[in-house]
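Using only what follows, build the 3D model:
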Amino acid sequence: QLHPSPVAASEMTSATETVLGIDNAAGPFVVFELEWDANGIKQSSPLAAASNLITVTISAAADIYASSNITLSGFSGTQTADGPLAVTSSPSGAFQGDVGAWSSGTLTLQVASGGLIAETSYIVTFWLQNANSAQDPVTVTLACSLATPGTFSSPVASVDFIPSTAEVAGVTSGASPLKIVVPIWDALLIAQSTPLTSASNLITITLSSNVDLTKDSNITLSGLNGTLLPDDPSHPVTSNPADKFLTGAGVWNMDDGTLGLTVGADGLAHETSYVVSFWVRNPADEQDASDVNISATVRSAAYNAATAADEDGANHAIFPEELVTASTESRLGIAGSAAPLTVIQAAFTSKAI
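Alright, predicted model coming up:
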């Protein structure tokens, strides 16, 4: 007859190794609920229709396996078409192919082969195009489907990003994601120095806007028709404050009656009046005042923290064309003759000898 031999029970020593970046996590049934730290989100431009560089910073309390899916959702109010969307990251190559799947305001990223390291901040950037109309900022949510070596994935609680509230382009809280404003001119006034035929005539425009105009933004004045000023690709322009336009000159086209200006390195600040002046030569014949319009495009550019480089966006914000208010002042005693390109022939009203 066989008799079993008793074996004294003993307590097993739990492993103390680090697993997924979590100390002492190798012991049996040590269970850890993964938490994300959505450190922040910001945008480069709050201007309608502009390209907008989104920057998010994330870190996790544990390592994230390769092939896990991270979703950023809530980006309502863009013109970005569904499909693959290029992303950059720092450290670089954090996501497969440096590309995400964009669909209806949600970006899905798949973690690359090296995984994400616990307690490491990752910067992720990507370009969107803003909507054409104004809107309040959105709430962006971070979620994750965590891949594991076994059959079952591990659920991860979603978390809302903490938005930046910094001013951008002169817009309060303009760094908050997808806060959008439409650029408009706050004040516009145009006047001339003389209404006399064939005379040199100083045109002066006063303008201000609700947003900043960055370096290399373009302003176009149109409707200055009938002058005798020939085409000039570098027509002198003065401004007050001084030196606000590149090379102190604009591109003049006589037939079109347009002057194109490029904003200089310092840009134009919001809610600030700028006076722009340039000379033309009046028509040889009398004419009524011209309707002068102004339009502008604001260059979309941003510093990409993931690549440590300046980048240009594909789409620029646009100021809708707007009529410039004509001065009603008098010149040379002639009522209303300060309106642009009001031209009269000087003549004696009485003759006697």
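
what about the stretch 251-353 of the chain, any weak spots by pLDDT?
348, 350-352 (pLDDT under 70).

Do a quick rundown of the helices in it.
Assigned by DSSP state H, counting those that start in this stretch, the stretch 251-353 of the chain shows no helices.

Could you list the low-pLDDT ranges of the stretch 1-150 of the chain?
1, 10-35, 37-38, 150.

Can you point out the buried residues in stretch 105-123?
105-112, 115-118, 122-123 (16 or more other CB atoms under 10 Å). Just so you know, the C-beta spots here come from the backbone N, C-alpha and C atoms, and that holds for glycine as well.

Strands - which of the residues you listed land there?
Applying DSSP state E to those, the entries found in strands are Thr106, Leu107, Thr108, Leu109, Gln110, Tyr122, Ile123.

if I look at the fifth one, how far off is Gly77?
Gln110 sits 25 Å away from Gly77, going by CB to CB, to the nearest Å.

What of Gly83?
The value you get for Gly83 to Gly77, if CB to CB is used, is 18 Å.

Please apply the same query to Ser5.
75 Å.

circling back: which of Gly83 and Gly77 has more neighbours?
A count of neighbours by other CB atoms under 10 Å puts Gly77 above the other of Gly83 and Gly77, at 20 against 9.

Run through the residues that contact that one.
Gly105, Asn130, Ala131, Gln135, Val138, Leu178, Ile180 (CB atoms under 8 Å, 6 or more residues apart in numbering).

For the third one, the count of nearby residues, please.
By the measure other CB under 10 Å, the count of residues near Ala131 is 17.

which residue sits closest to it, ignoring its sequence neighbours?
Gly77 (4.5 Å; CB to CB, 6 or more residues apart in numbering).

distance of the one you found from Thr214?
22 Å.

give the contact list for the closest residue to Pro84 other than its chain neighbours.
Leaving aside its chain neighbours, Pro84 sits nearest to Val99 (5.0 Å; criterion: CB to CB, 6+ apart). Contacts for Val99 (CB under 8 Å, 6+ apart) come out as Pro84, Leu85, Ala86, Val87.

give me phi/psi at the spatially most central residue of the chain?
Centroid-nearest residue in the chain: Ser45, 2.3 Å away (criterion: CA atoms, centre = their mean). Ser45 adopts backbone torsions of phi -140, psi 130, taken as degrees, to the nearest 10.

doesn't Ser44 make contact with Ala302?
Yes: in this structure Ala302 lies within contact range of Ser44 using CB atoms under 8 Å: 3.5 Å.

Mind checking which of the two has more residues around it?
Neighbour count, other CB under 10 Å: between Ala302 and Ser44, Ser44 has more, with 25 against 21.

Next one: the more buried one from Ser176, what distance?
Counting by CB to CB, the gap from Ser44 to Ser176 is 12 Å.

what's the answer for Ala60, then?
24 Å.

who are the neighbours in contact with the closest residue to Lys42 other than its chain neighbours?
Among residues not flanking Lys42 along the chain, Ser164 sits closest, at 3.8 Å (CB to CB, 6+ apart). Ser164 is in contact with Gly40, Ile41, Lys42, Ala175, Ser176, counting by CB under 8 Å, 6+ apart.

which one of those is nearest Ala306?
Ala306 lies nearest to Lys42 out of the contacts of Ser164, by CB to CB, at 12.7 Å.

Hmm, Trp127 and Ala314 touching each other?
Yes: contact criterion CB under 8 Å: Ala314 and Trp127 qualify, at 7.4 Å.

Mind listing the shared neighbours of the two?
Common neighbours of Ala314 and Trp127 (CB under 8 Å, 6+ apart) are Ser51.

Looking only at neighbour counts, state which of these two leads.
Taking neighbours as other CB under 10 Å, Ala314 and Trp127 compare with Trp127 leading, 21 against 9.

coming back round to it: would you convert the contacts of Val99 into TSV that also reports secondary structure, neighbour count and distance to Asn282?
What follows is the contacts of Val99, written out as TSV (DSSP: H, G, I helix; E, B strand; the rest coil; neighbours: other CB atoms under 10 Å; distance: CB to CB, whole Å):
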residue	secondary structure	neighbour count	distance to Asn282
Pro84	strand	10	57
Leu85	strand	18	54
Ala86	strand	12	53
Val87	coil	22	56
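
returning to that earlier point: could you tell me which residues touch both of Ala302 and Ser44?
With CB under 8 Å, 6+ apart as the test, Ala302 and Ser44 both reach Leu53, Gly313.

what's the spacing between Leu268 and Gly170?
Taken as CB to CB, the span from Leu268 to Gly170 is 10 Å.
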